[in-house]
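Trainee: Predicted model and sequence below, questions to follow.
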Amino acid sequence: MAFNGHQREDEGIDEDETPTKQPRSEKEMPGCFKTEPHNEASASAGRSTSERRTSNSTMRHRADSVKKTRPPFPWFGMDIGGTLVKLVYFEPKDITAEEEQEEVENLKSIRRYLTSNTAYGKTGIRDVHLELQDLTLCGRTGNLHFIRFPTHDLPAFLQMGRNKHFSSLHTTLCATGGGAYKFESDFRTMADLQLHKLDELDCLIRGVLYIDSVMSSGPSECYYFENPTDPDHCVQKPYTLENPYPLLLVNIGSGVSILAVYSESNYKRVTGTSLGGGTFLGLCCLLTGCSTFEEALEMASQGESTRVDKLVRDIYGGDYERFGLPGWAVASSFGNMMSKEKRESVSKEDLARATLVTITNNIGSITRMCALNENIERVVFVGNFLRVNTLSMKLLAYAMDYWSKGQLKALFLRHEGYFGAVGALLELLHPS
Amino acid sequence: MAEFVRLDSSTSRHTMDKSITLPPDEIFRNLENAKRFAIDIGGSLTKLAYYSTVQHKVAKVRSFDKATKVNIPLYEISVQEEVTARLHFIKFENAYIETCLDFIKDHLVNTETKVIKATGGGAHKFKELIERKLGLKVDKEDEMTCLIKGCNFVLRNIPHEAFVYAKHADSEFRFQTTQPDIFPYLLVNIGSGVSIVKVESEDKFERIGGSSIGGGTFWGLGALLTKTKRFDELLQLASKGQHTSVDMLVKDIYGGSYGSLGLTGDLIASSFGKSATADKEFSKEDMAKSLLHMISNDIGQLACLYAKLHNLSRVYFGGFFIRGHPVTMHTITYSINFFTKGEVQALFLRHEGYLGAIGAFLKGAEEDNPNQYSWGENYAGSSGLMSVSPDMNPMQRARSGTFDMLEMDRLERQLVNLPLLQDPSSYIPDTMDLTEDALAREYWLYCFEEALDGVVKRAVASQPDMPEAAERAEKFRQKYRHKLQTLRHQPFAYGSLTVRSLLDTREHCLNEFNFPDPYSKIKQNENDIALKYYQKAVKSLEELSWEERQFALVRGVLAGNVFDWGAKAVSDVLESDPEFGFEQAKRQLEGSKGPPHKCALFFVDNSGVDIILGVIPFVRELLSRGTEVVLASNSGPALNDVTNGELQILTERIAAMDPVIQAGLREDRLTLVQSGSSSPCLDLRLVTWQIFHWTSPAMHVAKDVITLYSLPSRLDKVLAQVVRERQTDLVIIEGMGRAIHTNYYAMLSCESLKMAVIKNSWLADRLGGKLFSVVFKYEVPAGKPSQGSAAVTPS
């Protein structure tokens, strides 16, 4: 039985709550070694929150010491998933004239291409609103860019890398996600690139913790929905992930992985489900003939799932009091579609909406059971399924709150799907 | 054959046969004595339940008053009418509702019935029709409550109700042994949505969760994706599809497995992940398969999460999504195995489709309190589980006009576990599971088919005064042969197939056609003859030395046990060689001796020589050594086994000749009990204990029965009391049916002795012996020193 989202469907996201481009006053360089004696014990925890308090003087000192170990530009982190390739690119903004002269043309060309465009080819997109400006990484200051394109366009990407002679830069390309394994030989043969393959869950957690730490000031990376069960007062609020552990991390990509995180290095994959973002899009394509996630979401936003789903009240005329089930709860997803007449009366928008609600509620209910079994009260949802998908986020927030009677809190992160790629980049700068 | 014309309802226009396969009076049986109707109307099937009283003939024996005249039989055999209670459950397609209601109305005699209990989603829709047709008030009952009540009822009363499904195993069904305590368990009911219910006791259950992704999702979404309207057709599509063209697998993302997480390449990473494209067509079959996997995996995963949270290991699945469909049973089983790594097994129920109707019926029959009785599945009147061989399914289920039936007879006694079982939860009565052992199955089915002519002949001969006996016997032959044929193709139809179940099925079929005791005359004759030799046998035993006597007594029991009409080899000898006698049989045997005990419980076997010249002298020796004896015999007839009624008369006769037996009875050191069984085999989980204290020759059978009915909760007390009071420290089980076909491996908490003669050459081969070799199995439970002289050497 699940929440169908019907009650709050008109509530649009409070756009003002998601500012994107405010520069942060103090960016740090969490990937590098520390010199303070009191910090040595946690030296390897390069992304711990304590580092944010490091003084400027030690930073300079540290910058000198890390210069030698710093990898050459360009700095990329890549996450090749089942549906999307996520790429983070660090654009140095502190290049000296001397450096500029030394810089090879190929490197310059790549930087210019990536930073002067917001779309690449037909399908590549730079999420400008997520860009982190004025960030200090390994003693260098610059902007972190977030780029994505469909995995099926990877060959075009490789072709571009070949055309731009990427391999001549002798950079290590840190990559994670299944595609790092699947396409390793393609990288080698098509673009002469050697991949440094990384575990996707390691990268995910590293990325989440890092982004949260650098976003401590300004708009919060982490947020939640206040009053999730009250559509009139449901608003997005910042959340400080100060002591994050233990934490249930739910990554909704094509499929879903659920991790219980007890510390940065101590985590386990609790379970997963194959009903994820790929299922939403796959079913929407089959049911409505659409072909993109954006199209599917747009249709879902205009549809009415209660015409497709069978609700408790459709069966019992109201609440099923014997079992404490409210009448608005979904009794059977797509249950009304057993009837020919109803199949003929629903719109594509209704079907898209029902698909979204079904997948989202199911993720919510598996997550809730995992939280109970693992005895964890905080759940962070990430992954590209949530991109521009306030509908699902509010559904999840509602489901967590309602079915746990307020015990569980659903948290969300602005950089939704990019954490794996960020983790890969961090691995390049600071091998663990 | 009456033809039922099917109503063509507007919702299901697919073409089907317009007639049903059985005459309606063979489906709705005993309507003239029917009452307490209940109906469960689901999305496509209706289940009707009612209670009836059945008159059938039972064989009784009665002692002649102070019979002193010569040349009259030992006792009088009479066939009496007895009224027992039966529960009828019939399942048919909704399309037949109106016709069925008409038939019921026309044949319903009982006018006390005023209401019909109803449950299921369709109960509302057909309310008006039922009220108009039957003139009964429809009283709606909560669906979930009915379901749970029904589930408890079948789990408690039907031994092989639950099974594990294994698609690729030798036998697809692995039936579970009945647990002494059925609670707690999880019931996952997959209807249009999913409800997950934790059941803690008869009245305590809670819906702990559920999911909206269920059978309705498969059906609704499946219909949208494939333009296929019917659930069965969707399942059929799914069984032919390849999900890998639609689903995104781990290897589609990784190129192989995700080794560090132990996720193999073939796992589904994203259901429908490959269909996220506008320019590719997918086959209906593939989409249906992918959808089936998606839904089954999801339900399995949630069920596991709930089972883990509530620490439950028994998880039963039901609902229309499951309902005997091998495709869904397989995918759910797969999912549960995957998510619990084999720690939890997915369990299914043979009578899953009837749970709601049974529960609704029980709600309506609360004043009769059917739960105070034990009920047994009547193999003669029940359809059994349908075949699920992949080529026949799921179309077989779509075949129209198929009426499925379940009949349950009220057992005369409430049955409980024998408290002397070492571990009741692991006890399996049957030695061989013919469902899994194809060779043994073939042999025994052949054996029973071969023996059928003989049984028919004997049945006719047992009723010489009844001219229509031959016709009835012929009907019996057809019915039993049909059952055997069914079992050849569907050995799982009634749970695990065993020699015991084959024997029981035969008894049920004989009773069905009013042959309550085909061996009554033979038994009478044998008892008569054996009695004449009793004193002589006792005298010759008394002349032996103690050592020799012990040996001779055991030999005597075993020799007597050779006389068994159930065994083919013996009936061949007995019928062909009238000279074959006791002395001759004895020579074929070897024996051993047993130690003295406080109290011996003796499960006896055959009439005639076996009981009179074998068992009673043995009992006599035990009594004279100071051991109390409890003789347990069958409550009802089976083959030539001595029944409790017969044994009471025989004992009385022997007591008149033998002061030792007489003293034993008078001093209450020799007690007769009935086992509760009417089978040549013995299930120690289901024995009844009605002690007839031998205070006077007159027996108050009826009174005891009534007492037990009204005070069922004291049954355990009586049982425990007897075992405690008598301090039973030896259990003797005699005969092939009780000690070899069943209980060969039974572990008891006290010393036990299993004695039998192998009277079947195939079985002798199987056990590595020869025909007429002896099984003499003396067992001392681990950790318990044996009493007295334990120098027993099994032959």
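Mentor: Looks like it came in fine. What you see is a predicted model; the values in this text were computed from it and never measured. Numbering: from 1, shown residues only, chains lettered A, B, ... in the order given.
Trainee: For the stretch 151-300 of chain B, just list every one of the helices.
Mentor: Assigned by DSSP state H, counting those that start in this stretch, the stretch 151-300 of chain B shows helices spanning B:215-226, B:231-240, B:250-254, B:284-309.
Trainee: in stretch A:228-248, what counts as buried?
Mentor: A:228, A:229, A:231, A:234, A:235, A:236, A:239, A:241, A:244, A:246, A:247, A:248 (16 or more other C-beta atoms under 10 Å in any protein chain shown). In this view, the C-beta of every residue, glycine as well, is placed from N, C-alpha and C.
Trainee: Can you classify residue A:395 by secondary structure?
Mentor: Secondary structure assignment for residue A:395 (DSSP: H, G, I helix; E, B strand; the rest coil): helix.
Trainee: Residue B:377 pairs with what?
Mentor: residue B:408 (DSSP bridges).
Trainee: That one: neighbour count?
Mentor: As a burial measure, residue B:377 scores 25 neighbours (other C-beta atoms under 10 Å in any protein chain shown).
Trainee: what sits against it?
Mentor: B:157, B:158, B:406, B:407, B:408, B:494 (C-beta atoms under 8 Å, 6 or more residues apart in numbering or on different chains).
Trainee: Let me see the domain layout of chain B.
Mentor: The record's domain parsing of chain B by the TED database lists B:24-158+B:356-411, B:164-169+B:179-246+B:282-349, B:438-497, B:519-692+B:712-779.
Trainee: among the buried residues of stretch A:228-248, which two are most distant?
Mentor: Of all pairs drawn from those, the widest gap by C-beta to C-beta lies between A:231 and A:246 and measures 30.7 Å.
Trainee: Residue B:91 reaches residue B:44, doesn't it?
Mentor: No - the criterion here is C-beta atoms under 8 Å, and residue B:91 misses it with residue B:44 at 10.6 Å.
Trainee: Of these two, which one has the most company?
Mentor: For residue B:91 and residue B:44, the more surrounded residue by other C-beta under 10 Å is residue B:91, and the numbers stand at 21 against 18.
Trainee: can you tell me which residues contact the more buried one?
Mentor: So residue B:91 contacts B:45, B:46, B:47, B:48, B:353, B:354, B:403, B:404, B:405 (C-beta under 8 Å, 6+ apart).
Trainee: Just give the number of residues close to residue B:170.
Mentor: Residue B:170 has 10 nearby residues by other C-beta under 10 Å.
Trainee: go on, the one 10 residues further on?
Mentor: Residues lying near residue B:180 (other C-beta under 10 Å) number 12.
Trainee: what do you get for residue B:78?
Mentor: Residue B:78 has 12 neighbours, counted by other C-beta under 10 Å.
Trainee: Could you list which of the buried residues of stretch A:228-248 belong to helices?
Mentor: Members of those lying in helices (criterion: DSSP state H): none.
Trainee: Which strand in chain A has the most residues?
Mentor: Secondary structure of chain A per DSSP state E: the longest strand is strand A:140-150.
Trainee: Quick one: name the residues of the stretch 251-400 of chain B near chain A.
Mentor: Within the stretch 251-400 of chain B, the positions near chain A by C-beta under 8 Å from any C-beta of the partner chain are B:252-256, B:258, B:260-261, B:267-279, B:282, B:287, B:294, B:297-298, B:301-302, B:305-306, B:308-309, B:339.
Trainee: how about 6 Å then?
Mentor: Within the stretch 251-400 of chain B, the positions near chain A by C-beta under 6 Å from any C-beta of the partner chain are B:253-255, B:260-261, B:268-273, B:275-276, B:278, B:305, B:308-309.
Trainee: what bits of the chain have low per-residue confidence?
Mentor: All of this refers to chain A. Chain A contains residues with pLDDT under 70 at A:1-68, A:216-218.
Trainee: oops, I was thinking of chain B
Mentor: Chain B contains residues with pLDDT under 70 at B:1-24, B:65-72, B:110-111, B:386-402, B:412-416, B:563-595, B:686-724, B:783-795.
Trainee: Neighbours of the closest residue to residue A:144 other than its chain neighbours, how many?
Mentor: Leaving aside its chain neighbours, residue A:144 sits nearest to residue A:132 (4.1 Å; criterion: C-beta to C-beta, 6 or more residues apart in numbering or on different chains). Look at residue A:132: counted by other C-beta under 10 Å, it has 24 neighbours.
Trainee: Next: residue A:168.
Mentor: Neighbour count for residue A:168, taken as other C-beta under 10 Å: 12.
Trainee: Return the residues in contact with it.
Mentor: With contacts defined as C-beta atoms under 6 Å, 6 or more residues apart in numbering or on different chains, the neighbours of residue A:168 are residue A:106.
Trainee: Next: the one 3 residues further on.
Mentor: With contact taken as C-beta under 6 Å, 6+ apart, residue A:171 is in contact with residue A:74.
Trainee: Could you grab the helix/strand/coil label for it?
Mentor: Three-state assignment for residue A:171 (three-state DSSP): coil.
Trainee: ok, now how distant is it from residue A:177?
Mentor: Applying C-beta to C-beta, to the nearest Å, the value for residue A:171 to residue A:177 is 19 Å.
Trainee: about what we covered before: deepest in the core, which of the helices of the stretch 151-300 of chain B is it.
Mentor: helix B:215-226 (a mean of 26; mean count of other C-beta atoms under 10 Å in any protein chain shown).
Trainee: And the strands in the stretch 251-400 of chain A?
Mentor: Using DSSP state E, counting those that start in this stretch, the strands of the stretch 251-400 of chain A run over A:256-261, A:267-273, A:310-311, A:330-332, A:378-382.
Trainee: One more: the stretch 51-200 of chain A?
Mentor: Along the stretch 51-200 of chain A, the stretches classed as strands by DSSP E, counting those that start in this stretch are A:75-80, A:84-92, A:119-120, A:124-126, A:132-137, A:140-150, A:173-176, A:195-198.
Trainee: Ok, the stretch 551-700 of chain B next?
Mentor: Counting by DSSP E, counting those that start in this stretch, the segments of the stretch 551-700 of chain B that form strands are B:599-603, B:628-633, B:670-674, B:691-692.
Trainee: Residue A:307 reaches residue A:350, doesn't it?
Mentor: Yes - using C-beta atoms under 6 Å, residue A:307 is in contact with residue A:350, at 4.8 Å.
Trainee: So between these two, which is more surrounded?
Mentor: Comparing residue A:307 with residue A:350 by neighbour count (other C-beta under 10 Å), the higher total belongs to residue A:350, at 23 against 17.
Trainee: Skipping adjacent residues, who's closest to that one in space?
Mentor: Distances taken as C-beta to C-beta, 6+ apart place residue A:303 nearest to residue A:350, at 4.3 Å, with adjacent residues excluded.
Trainee: what sits against the one you found?
Mentor: Residue A:303 neighbours (C-beta under 6 Å, 6+ apart): A:349, A:350, A:352, A:353.
Trainee: All set now, cheers.
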